[in-house]
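Engineer: A predicted structure for the sequence below; I have some questions about it.
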Amino acid sequence: MNLWAVSDLHVGHPHNRRVVEEMSTHRDDWLVLGGDVGESIEQVEFVLRTLSPRFRQLVWVPGNHELWATQEQRGVEKYDALVALCREHGALTPEDPYQIFVHGKTSYLVAPLFTLYDYSYAPPGLGPSAAKAWAAAADVLCADEYFLHSAPYESREIWCAARCEMTEKRLAGALDGNDMRSILIGHFPLRAELAHTPAAPRFRIWCGTHRTSEWHRRFRAEVVVFGHTHMPQTCFVDGVRFEEVSLGYPREWKGRPASKSVLRQILPR
């Protein structure tokens, strides 16, 4: 049994939708969907409906695009609707009990994460308002500022703090009393140096939170899977493997070598 991953499918783009339609079948394997598969309930449902019959298990985490408001839903209400949709298709979400992935003789705790961001990847000393002004000075603005609402939380950074606090407790409880290693799966980079967006360096303020910077060590990660930056890479921090698994927009992935698979094999490495 293998574990595969891909994020940032952005199926609102016809070329990306075709990538999903043509994706190969691995019925004995698990597939991680690392966020930003689409922006509407209908787009997410298309991905789940298409891929759930092709894999033994789907694991989904939300990106910022999935959380963009619609006329009907915004904030936590939109997130809850996405969780309910995933459950209809048998996909694991950050709200479900952590499951065990077995490879060979080794078992791993699979932990889907939803942590958001709090603008703390800005230069030291800048709060959220100053961080956004700092980005704006370089003509950088994330569409989340218009489309990603945090209701009933007062702000995205407060929602982020609540998510991180809850997730820390769940992870600590799940790993207490055993020596199991984890597979941490989130959309946003857990560490600031992984928020690598060379086309717009100041975009990093919308990429994560320092609250998660030690999670790879604290929660015994074997590998950390993430997306959001549209910069696929494999790197190591403190001996832990980090895999950025984005597809990205057509203008980005069409320039990559043809030999690179859409799916990244996480386990076995």
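Structural biologist: Received, thanks.
Engineer: so C160: helix, strand or coil?
Structural biologist: Following DSSP: H, G, I helix; E, B strand; the rest coil, we place C160 in the helix state.
Engineer: so it touches L116, yeah?
Structural biologist: Yes - counting by CB atoms under 8 Å, C160 touches L116, with 3.9 Å between them. Placement of C-beta: from N, CA and C, glycine included.
Engineer: which neighbours do the two share?
Structural biologist: T209 (CB atoms under 8 Å, 6 or more residues apart in numbering).
Engineer: when the two are compared, which one has more neighbours?
Structural biologist: A count of neighbours by other CB atoms under 10 Å puts L116 above the other of C160 and L116, at 28 against 24.
Engineer: element containing the more buried one, please.
Structural biologist: Using DSSP states H and E, L116 falls within no helix or strand.
Engineer: distance of it relative to A151?
Structural biologist: 14 Å (CB to CB, to the nearest Å).
Engineer: show me what whichever strand or helix holds D80 is packed against.
Structural biologist: Using DSSP H and E, D80 falls within helix 75-88. Contacts defined by 3 or more CB pairs under 8 Å, 6 or more residues apart in numbering; DSSP states H and E place helix 75-88 against helix 41-51, strand 55-60.
Engineer: could I get the buried residue list for the helix or strand following it?
Structural biologist: Counting by DSSP H and E, the next helix or strand C-terminal to helix 75-88 is strand 99-103. For strand 99-103, a neighbour-count test (16 or more other CB atoms under 10 Å) marks F101 as buried.
Engineer: ok, strand 99-103: who's next to it in the sheet?
Structural biologist: Sheet pairing for strand 99-103, assigned by DSSP bridges, gives strand 106-112 (antiparallel).
Engineer: how about the partner strand: buried residues?
Structural biologist: Buried residues in strand 106-112, counted by 16+ other CB under 10 Å: Y108, L109, V110, A111, P112.
Engineer: from memory the last one sits against I185, does it?
Structural biologist: Put plainly, it is P112. Yes - here P112 reaches I185: they are 5.0 Å apart, a contact under CB under 8 Å.
Engineer: anything in contact with each of those two?
Structural biologist: V59, V61.
Engineer: tell me the spacing between T93 and G35.
Structural biologist: 11 Å.
Engineer: looking at those two, which is more packed in?
Structural biologist: Using other CB under 10 Å as the criterion, T93 and G35 rank with G35 on top: 27 against 19.
Engineer: and the more buried one, how far from G63?
Structural biologist: 3 Å.
Engineer: rewinding a little: mind listing the shared neighbours of T93 and G35?
Structural biologist: With CB under 8 Å, 6+ apart as the test, T93 and G35 both reach W60, V61.
Engineer: out of the helices and strands packed on helix 75-88, which is the most enclosed?
Structural biologist: Across the helices and strands packed on helix 75-88, averaging neighbours per residue (mean count of other CB atoms under 10 Å) puts strand 55-60 on top, at a mean of 22.
Engineer: what angle do that strand and helix 75-88 make?
Structural biologist: Here the directions of strand 55-60 and helix 75-88 differ by 180 degrees (axes from the mean of the first three to the mean of the last three CA atoms, to 10 degrees).
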